[in-house]
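Trainee: sequence and predicted structure are below.
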Amino acid sequence: MDSEIIVIFEGNQIDADIIKDLLIDNGIHANLKNQFMGTIAPWQVSPGGYKPIKVEILSKDEDKALELIKEFKNGKVVR
């Protein structure tokens with residue numbers, strides 16, 4: 001199903017914001033889950049507060065999003 005929402009990235013506030021903006025800049029609708037609670041009380045939304053903030057996208061964009069995230073992590077400029 002193309003309209004299924006999936007988590008494409010989990011991490012801290014800064015990394016999640018960068019990934020979300022990267023995806024949006026490349027035409028992929030992205031949303032942050034646990035943005036506020038993940039910042040003020042991360043242990044409430046994930047075990048031990050590890051990777052509390054999640055970036056969600058539609059499943060139809062998964063392949064493109066994974067490629068963009070991979071290129072970003074490898075230090076390539078993504079536009």
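Mentor: Nice, thanks for sending it over. Residues are numbered from 1 along each chain as shown.

Trainee: C-alpha only now, for contacts and for neighbours.
Mentor: OK.

Trainee: what about the helices in the protein?
Mentor: Secondary structure of the chain, counting by DSSP state H: helices at 13-25, 37-40, 62-73.

Trainee: right, so the ones you listed: which one is the most enclosed?
Mentor: Greatest average neighbour count among those goes to helix 13-25 (a mean of 18), per mean count of other C-alpha atoms under 10 Å.

Trainee: quick one: list the elements packing against that helix.
Mentor: On a contact count with 3 or more C-alpha pairs under 8 Å, 6 or more residues apart in numbering; DSSP states H and E, helix 13-25 meets strand 5-11, strand 30-33, strand 53-58, helix 62-73.

Trainee: ok and the third one relative to helix 13-25, angle-wise?
Mentor: Going back to what we said before, that points to strand 53-58. Counting by axes from the mean of the first three to the mean of the last three C-alpha atoms, to 10 degrees, strand 53-58 points 20 degrees away from the direction of helix 13-25.

Trainee: pLDDT on strand 53-58, on average?
Mentor: Computed over strand 53-58, the mean pLDDT rounds to 96.

Trainee: could you pull out the buried residues of that strand?
Mentor: Buried residues in strand 53-58, defined by neighbour count with 16 or more other C-alpha atoms under 10 Å: 53-58.

Trainee: of the residues you listed, closest to residue 32?
Mentor: residue 55 (4.7 Å; C-alpha to C-alpha).

Trainee: ok, that closest one touching residue 35?
Mentor: No: look at residue 55 against residue 35 with C-alpha atoms under 8 Å: they stay out of range, at 9.3 Å.

Trainee: tell me where this structure is predicted with low confidence.
Mentor: 1-2, 77-79 (pLDDT under 70).

Trainee: can you pull the contacts of the residue sitting nearest the centre point of the chain?
Mentor: Nearest to the geometric centre of the chain sits residue 55, at 2.6 Å (C-alpha atoms, centre = their mean). Residue 55 is in contact with 7-10, 16, 19-20, 30-33, counting by C-alpha atoms under 8 Å, 6 or more residues apart in numbering.
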